[in-house]
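1. Sequence plus the predicted model coming up.
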Amino acid sequence: MTDKSPIKLNKLEMEIMRIFWGKKEASVRDVFRVLNKVREIAYTTIMTTMHKMEKKGILTHRVEERKFIYKSLVTEDMVKLNVLNEIVNQIFAGSPLDMVATLIKLKKVSLEELESIVKQVKEKKKKK
């Protein structure tokens with residue numbers, strides 16, 4: 001998976017990735033055990049989904065004692081940046097300002113969060 005390749009994850013794939021971002025490596029059975037605690041899901045559904053994710057270049061595997069051990073090829077930050085870029089371009093016509101203004105309206109961003117945003121903007125400005 002290259003930085004320029006779009007990372008498109010459906011809901012189940014995101015749930016699986018959250019497990020990998022916490023565990024680093026996992027077998028299908030490991031992922032099944034975690035997800036099955038939250039909701040009823042078939043082992044074969046997870047196995048098929050993880051196989052598809054490997055074909056997409058999101059996961060890779062090694063074989064250990066006849067068991068596939070999977071590992072993520074994408075970081076949480078890579079996915080966040082990719083998804084946000086898509087949202088800014090498709091929903092907000094390329095305007096990050098419109099996106100931030102909408103988030104402020106929707107989530108009632110706290111004063112502390114706004115101050116943190118301003119601080120990050122100032123730090124970025126200093127680096128230029």
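-> That came through fine.
2. for the most centrally placed residue in the chain, helix, strand, or coil?
-> The centroid of the chain falls nearest to residue 79 when counting by CA atoms, centre = their mean (4.1 Å). Taken by DSSP: H, G, I helix; E, B strand; the rest coil, the conformation at residue 79 corresponds to helix.
3. With residue 6 instead?
-> Bear in mind the rule, three-state DSSP; under it residue 6 is coil.
4. Run a quick neighbour tally on the residue nearest to it when sequence neighbours are not counted.
-> Distances taken as CB to CB, 6 or more residues apart in numbering place residue 82 nearest to residue 6, at 6.4 Å, with adjacent residues excluded. Every residue, glycine included, has its C-beta placed from N, CA and C. Residue 82: 19 surrounding residues under other CB atoms under 10 Å.
5. Pull the residues that contact the lowest-mean-pLDDT helix or strand in the chain.
-> Lowest by mean pLDDT, DSSP states H and E among the helices and strands of the chain is helix 96-107, with a mean of 86. Judged by CB atoms under 8 Å, 6 or more residues apart in numbering, the contacts made with helix 96-107 from elsewhere in the structure are 84, 87, 88, 91, 92, 109, 114, 117.
6. Just the endpoints, please. Distance across stretch 102-118?
-> Separation of the first and last residues of stretch 102-118 by CA to CA, to the nearest Å is 17 Å.
7. before we move on, what about stretch 86-105?
-> One end of stretch 86-105 sits 20 Å from the other (CA to CA).
8. how about it: buried residues?
-> Buried positions in stretch 86-105, judged by neighbour count with 16 or more other CB atoms under 10 Å: 88, 99.
9. now stretch 23-36
-> Burial within stretch 23-36, assessed by neighbour count using 16+ other CB under 10 Å, is assigned to 26, 27, 28, 30, 31, 32, 34, 35.
10. Among those residues, which lie within strands?
-> In strands, defined here by DSSP state E, the members of the buried residues of stretch 23-36 are residue 26.
11. could you dump the buried residues of stretch 23-36 to a markdown table with pLDDT and distance to residue 17?
-> Conversion of the buried residues of stretch 23-36 to a markdown table gives the following (pLDDT from 0 to 100; distance: CB to CB, whole Å):
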| residue | pLDDT | distance to residue 17 |
| --- | --- | --- |
| 26 | 97 | 11 |
| 27 | 97 | 15 |
| 28 | 97 | 14 |
| 30 | 97 | 14 |
| 31 | 97 | 10 |
| 32 | 98 | 15 |
| 34 | 96 | 12 |
| 35 | 97 | 12 |
